[in-house]
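Visitor: this one's structure only:
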């Protein structure tokens, strides 16, 4: 006081402990579900991470959007259970509520909020395969798909993304291993099935889903036709008679018969089954294919522009070369005398029948005589086919007359053509 009197009282100094929360909590990361860089964070759910083992009954946590606000204690985040933010930091103030009735020590913890982008997988084209025998039939429109073959197309080569495949959208969203489809997967819906693809970023754990359509394209359905028969090339076509070869036109009628009206099908012809399976080599000129009797393999390939698989089926084609009748090659000429000198005479052409047939049973062939090669080589019954009507009374009116003979096999229709000459011999009468 003013006269120097004083009193001594004790003053108790108390040092309170500052809370020791987790000063380096893990970032609070969410996936950007709607790709707007914003997400709603439940900060309350992150309080155990911040407390780092401190008793939540003793230590309270309040949230602030900046360090200054945390230091000043205001303004608090009003709705920490639903705080909308982009990638940023928030600050948690951890306070010991039990150490004193008047003084409450606290610590500030920075928490990183992270909004991770979702993977953006590439929507793949339809995964198309050809029907095959793996299921026991190549017409049931079931096949086995190597799903892993689509990974790179879906991820675009992103190394941190993993791909998994599921039967339903719910399974893809859940991402449970036990519902994941096997790498080699046989479709369970005939012809066309949609499955679901989960693409997950292994760094962030974020994922997105897309669909993948599995398509089993049917094989073409070429017809296995009856053997194609041709006759041996005739000698006057530049090829020796009955050498075993013939020229086949595998286009037009043969192709039409094999395709049987099926659209978007291309045929190629091959000399081996292996060549037909790989598509090469093929017969270069199927319209003029010279060969003996043999088997060919026909590859029918799907050319539908709506598909990408070029599915094919191979059928066999039998080629049969029928021999032409083996008639006499050097047919004897016939000679008659011009008895009255009028320059003409009747010939019995049929007297050459037996020599021409050369041992062939006449009941198995049809023999006819012709005045021109064109007529002899013409198809029986066509306009150019004009056989001599009465070969036993054929009037020759020239010193030499060429006659063509055609012998047609009654079973195969194959023909041989030969030629001989009618000679008209004049009788010279000497005057006495």
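Guide: Received it, and whenever you're ready, just let me know what you need. Keep in mind that this is a model prediction, so the values were computed, not measured.

Visitor: can you give me phi and psi for residue 152?
Guide: Note on residue 152: its backbone torsions stand at phi -60, psi -40 [degrees, to the nearest 10].

Visitor: Can you report how many residues neighbour it?
Guide: Using other CB atoms under 10 Å, residue 152 has 13 neighbouring residues. (Glycine included, C-beta is placed from N, CA and C.)

Visitor: now do the one 4 residues further on
Guide: For residue 156, the tally of surrounding residues (other CB under 10 Å) stands at 11.

Visitor: Could you do residue 394 as well?
Guide: 20.

Visitor: Against residue 368, how distant is it?
Guide: Distance, residue 394 to residue 368, by CB to CB, to the nearest Å: 12 Å.

Visitor: Now list whatever residues contact both of those two.
Guide: Residues touching both residue 394 and residue 368 (CB atoms under 8 Å, 6 or more residues apart in numbering): residue 388.

Visitor: Tell me the secondary structure at residue 134.
Guide: helix (DSSP: H, G, I helix; E, B strand; the rest coil).

Visitor: Would you check that it makes contact with residue 186?
Guide: Yes: assessed by CB atoms under 8 Å, residue 134 is found in contact with residue 186 at 7.3 Å.

Visitor: Which residues are in contact with each of these two?
Guide: 142, 143, 144.

Visitor: Which members of these are classed as buried?
Guide: 142, 143 (16 or more other CB atoms under 10 Å).

Visitor: Closest one of the shared contacts of residue 134 and residue 186 to residue 275?
Guide: Nearest to residue 275 among these, counting by CB to CB, is residue 143 at 24.4 Å.

Visitor: just for the stretch 201-350 of the chain, where's the confidence low?
Guide: 233-242 (pLDDT under 70).

Visitor: Okay, strands next: where are they in it?
Guide: 207-217, 228-231, 246-248, 265-270, 289-291, 294-302, 312-322, 334-338, 345-347 (DSSP state E, counting those that start in this stretch).

Visitor: who wins for proximity to residue 199 among those?
Guide: Closest to residue 199 of the strands of the stretch 201-350 of the chain is strand 207-217 (CB to CB; 5.7 Å).

Visitor: The closest one pairs with which strands?
Guide: strand 127-130 (parallel), strand 192-201 (antiparallel) (DSSP bridges).

Visitor: Could you dump the ones you listed into TSV and include distance to residue 96 and mean neighbour count?
Guide: Output for the strands paired with strand 207-217, formatted as TSV (distance: least, CB to CB, whole Å; neighbours: other CB atoms under 10 Å):
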stretch	distance to residue 96	mean neighbour count
strand 127-130	61	18
strand 192-201	40	19
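
Visitor: could you dump those strands to JSON lines with distance to residue 321?
Guide: Formatted as JSON lines, the entries for those read as follows, by distance: least, CB to CB, whole Å:
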{"stretch": "strand 127-130", "distance to residue 321": "35"}
{"stretch": "strand 192-201", "distance to residue 321": "47"}
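
Visitor: out of the ones you listed, which comes closest to residue 266?
Guide: Taking the strands paired with strand 207-217 one by one with CB to CB, strand 127-130 is closest: 15.1 Å.

Visitor: who's in contact with that closest one?
Guide: Against strand 127-130 from outside (CB under 8 Å, 6+ apart): 143-145, 150, 212-217, 219, 307-309, 311-312.

Visitor: between the residues you listed, which is nearest residue 40?
Guide: For those, the nearest to residue 40 is residue 212 (31.4 Å; CB to CB).

Visitor: pretty sure the closest one is touching residue 124, no?
Guide: Yes: between residue 212 and residue 124 there is a contact at 5.9 Å, judged by CB under 8 Å.

Visitor: distance between stretch 3-19 and the chain's centre?
Guide: 93 Å (CA atoms, centre = their mean, to the nearest Å).

Visitor: List the buried residues in it.
Guide: For stretch 3-19, a neighbour-count test (16+ other CB under 10 Å) marks residue 19 as buried.

Visitor: With distance to residue 159 and mean neighbour count as new columns, can the strands of the stretch 201-350 of the chain be given to me in CSV?
Guide: Listed next are the strands of the stretch 201-350 of the chain as CSV, based on distance: least, CB to CB, whole Å; neighbours: other CB under 10 Å:
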stretch, distance to residue 159, mean neighbour count
strand 207-217, 16, 19
strand 228-231, 58, 18
strand 246-248, 58, 21
strand 265-270, 42, 20
strand 289-291, 54, 16
strand 294-302, 37, 20
strand 312-322, 37, 18
strand 334-338, 95, 15
strand 345-347, 97, 17
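
Visitor: Can you say which of those is nearest to residue 54?
Guide: Taking CB to CB, strand 207-217 is the member of those nearest to residue 54, at 33.9 Å.

Visitor: hang on, the earlier thing: shared neighbours of residue 212 and residue 124, which are they?
Guide: Taking CB under 8 Å, 6+ apart as the contact rule, residue 212 and residue 124 both touch 150, 154.

Visitor: Got phi/psi on the residue nearest the centre of the chain?
Guide: With distances taken as CA atoms, centre = their mean, the residue of the chain nearest its centroid is residue 309 (1.4 Å). Note on residue 309: backbone dihedrals following degrees, to the nearest 10 are phi -90, psi -20.

Visitor: you'd agree it is up against residue 216?
Guide: No: Residue 309 is not in contact with residue 216 according to CB under 8 Å; the separation is 9.3 Å.

Visitor: beta partners of the nearest residue to residue 307 once chain neighbours are set aside?
Guide: Using CB to CB, 6 or more residues apart in numbering and skipping residues adjacent in sequence, the residue nearest residue 307 is residue 217, 5.1 Å away. With DSSP bridges as the criterion, residue 217 is bridged to residue 130.

Visitor: Distance check, residue 217 against residue 259.
Guide: 18 Å.
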